[in-house]
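In: just coords:
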């Protein structure tokens, strides 16, 4: 059987997601407009003032225009989860 090589960026993302799940970050967040996050498990949105970005992990290769990242999010009402995406110039 031929061994399949997994892209190192995907491998890095998987390891970080597993680590953060073990720390209780189980919900999935998505960007919703320019100032809100959507919690897909709770089916509700949070304005950025209602969240704390607990950890930022950069993964994989990046260039001057964008970088892959994982954010560990905590909301004021106790939801904890992850946002995985790309930071473009000027996002933060």
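Out: Nice, thanks for sending it over. Because the structure is a prediction, the values reported are computed rather than measured.
In: just give me the neighbour total for residue 70.
Out: 20 (other CB atoms under 10 Å). In short, each C-beta sits where N, CA and C put it, glycine included.
In: now for it: which residues touch it?
Out: Residues counted as contacts of residue 70 (CB atoms under 8 Å, 6 or more residues apart in numbering) are 13, 16-17, 20, 55-57, 59, 82-84.
In: using pLDDT, spot the least trustworthy of those residues.
Out: Among the contacts of residue 70, residue 59 carries the weakest pLDDT, at 75.
In: what about the closest residue to that one other than its chain neighbours, neighbour count?
Out: Spatially, and ignoring its direct neighbours in sequence, residue 59 is nearest to residue 12 (4.2 Å; CB to CB, 6 or more residues apart in numbering). Applying other CB under 10 Å, we find 17 residues neighbouring residue 12.
In: may I see the buried residues of whichever strand or helix holds residue 12?
Out: Per DSSP states H and E: residue 12 is located in helix 8-22. Buried residues in helix 8-22, counting neighbours by 16 or more other CB atoms under 10 Å, are found at 12-13, 16-17, 20.
In: and whatever helix or strand comes next after that helix, which strands flank it?
Out: Sequence order places strand 27-32 as the next helix or strand after helix 8-22, per DSSP H and E. With DSSP bridges as the test, strand 27-32 is paired with strand 36-39 (antiparallel), strand 80-88 (parallel).
In: which neighbouring elements make contact with the helix holding residue 12?
Out: strand 51-59, strand 66-75, strand 80-88 (3 or more CB pairs under 8 Å, 6 or more residues apart in numbering; DSSP states H and E).
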